[in-house]
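Participant: sequence first, predicted model second:
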Amino acid sequence: MKPSNFQEQQFYLWFDPTADFHTYSILWNPQRIIFSVDGTPIREFKNMESIGVPFPKNQAMGIYSSLWNADDWATRGGLVKTDWSHAPFTASYRNFNANACVWSNGASSCKSDAPSSTNAAWFTQELDSTSQQRLQWVRKNYMIYNYCTDAKRFPQGLPPECRMS
């Protein structure tokens, strides 16, 4: 389930993602969700429930990968169209790894303040200063769409998380 406020940001990557395998990571803990590529963070979504922004913390995480034609909405508002001459599109995965609390029957295997596993540093992990600098570098040089700057999409005003500095 995707919260309505968890909208897209889009990036050109600083490498050709089709030339080799790359590591795409999602760190999801009670404080933040961080998306990274080859160890470089490209997006951080902080838990801002204190200002009324929903945060997905009491539900199971799912990973789903697919290809679909969403170029009318998911490509910078339809500005970029799918080049179907490159079809068929394929993806492959290797070395999939998941470290997580298990959510079952409405309860988490993790305590509210720490995961049950003693080696789960991810549960409280955050970006250090070097990673924050890398995130800013990516945003400055490679972000091509940010819902937080799309006044046309939000004529009533930007979502609350976009107004936070």
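Facilitator: Good, I have the coordinates.
Participant: quick check: chain neighbours aside, which residue is closest to residue 40?
Facilitator: In this structure, residue 40 finds its nearest non-sequential neighbour in residue 134, 5.1 Å apart by Cβ to Cβ, 6 or more residues apart in numbering. Placement of C-beta: from N, CA and C, glycine included.
Participant: that neighbour belongs to a strand?
Facilitator: No. Under DSSP: H, G, I helix; E, B strand; the rest coil, residue 134 falls outside any strand and is assigned helix.
Participant: beta partners for the most centrally placed residue in the chain?
Facilitator: By Cα atoms, centre = their mean, the chain has its centre lying nearest to residue 35, at 4.4 Å. Beta bridges link residue 35 to residue 26, residue 43, judged by DSSP bridges.
Participant: which residues touch it?
Facilitator: Applying Cβ atoms under 8 Å, 6 or more residues apart in numbering, we find residue 35 in contact with 24, 25, 26, 41, 42, 43, 44.
Participant: which one (most neighbours) among those residues?
Facilitator: Using other Cβ atoms under 10 Å as the neighbour criterion, residue 41 leads the contacts of residue 35 with 21 neighbours.
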